[in-house]
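In: Could you look at this predicted model? Sequence included:
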Amino acid sequence: MRIGLYPGTFDPITLGHIDIIRRACSLVDRLVIGIAINRDKGPLFDLEERVAMVEAECGPIGRLTDTEIVAHPFENLLIHCAEDVDASMIIRGLRAVSDFEYEFQMVGMNRAMNDDIETVFLMADAHYQAIASRLVKEIARLGGDVSGFVPPRVAAALAQKFARKVVRARV
């Protein structure tokens with residue numbers, strides 16, 4: 001069984017992430033979506049919310065592609081997470097040259113720790129190259145339309161999250 005690990009914070013999951021996940025399913029039998037806990041980033045959505053969003057969006061993809069997709073929170077080194085889930089590959093999405101420079105360094109460090117685990121880069125589809133969770137959250141926070149960047153359930157969750165923040169700010 002070929003197992004791949006696609007890591008990220010998924011705060012929130014975007015159409016770009018979903019594109020990479022769908023395409024990664026053609027490479028593996030089991031795709032583990034590694035949801036980084038990363039407390040230093042101060043995510044908008046808590047871990048349980050991010051796991052629920054990933055599971056809701058990836059369930060149909062798994063059924064359609066006959067790929068087992070599992071959400072797996074992690075807080076350790078990426079390479080250790082890959083070892084924990086028996087992944088033979090780490091899947092990374094690239095949007096721009098700047099992504100590659102960072103990822104190139106990560107691959108070198110990961111290979112120094114375990115050279116049995118390959119890293120596979122998938123280029124983001126041109127429609128999704130500009131999408132970043134950070135930008136999506138900013139657009140939503142300022143009342144913009146994020147429907148072209150995230151699935152409908154995620155757009156609703158963003159609207160609800162920021163509606164609560166606005167109400168709290170007024171009180």
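Out: Good, I have the coordinates.
In: where do the strands sit along this structure?
Out: 3-8, 30-36, 68-74, 89-94, 118-123 (DSSP state E).
In: what about the residue lying closest to Met53 once chain neighbours are set aside, neighbour count?
Out: Leaving aside its chain neighbours, Met53 sits nearest to Ile13 (5.2 Å; criterion: C-beta to C-beta, 6 or more residues apart in numbering). Quick note: C-beta positions are derived from backbone N, CA and C, even for glycine. Here the number of neighbours of Ile13 (other C-beta atoms under 10 Å) works out to 28.
In: Check whether Ile13 really touches Ala155, as I assumed.
Out: No: the criterion here is C-beta atoms under 8 Å, and Ile13 misses it with Ala155 at 11.3 Å.
In: Spit out the residues that contact these two alike.
Out: Overlap of the contact sets of Ile13 and Ala155 (by C-beta atoms under 8 Å, 6 or more residues apart in numbering) is empty.
In: so where is this protein shaky, pLDDT-wise?
Out: The model of the chain has pLDDT under 70 over residues 164-171.
In: how about the helices in it?
Out: For the chain, the helices defined by DSSP state H occupy 15-24, 47-65, 78-84, 97-113, 133-141, 152-170.
In: Tell me the spacing between the residue nearest to Met53 and Ile131.
Out: Using C-beta to C-beta, to the nearest Å, we find Ile13 at a distance of 11 Å from Ile131.
In: got a list of what Ser147 touches?
Out: Ala155.
In: number of nearby residues for Asp40?
Out: 6.
In: Just list the residues touching it, thanks.
Out: With contacts defined as C-beta under 8 Å, 6+ apart, Asp40 has no neighbours.
In: same thing with Ala132?
Out: Counting by C-beta under 8 Å, 6+ apart, Ala132 makes contact with 14, 16, 95.
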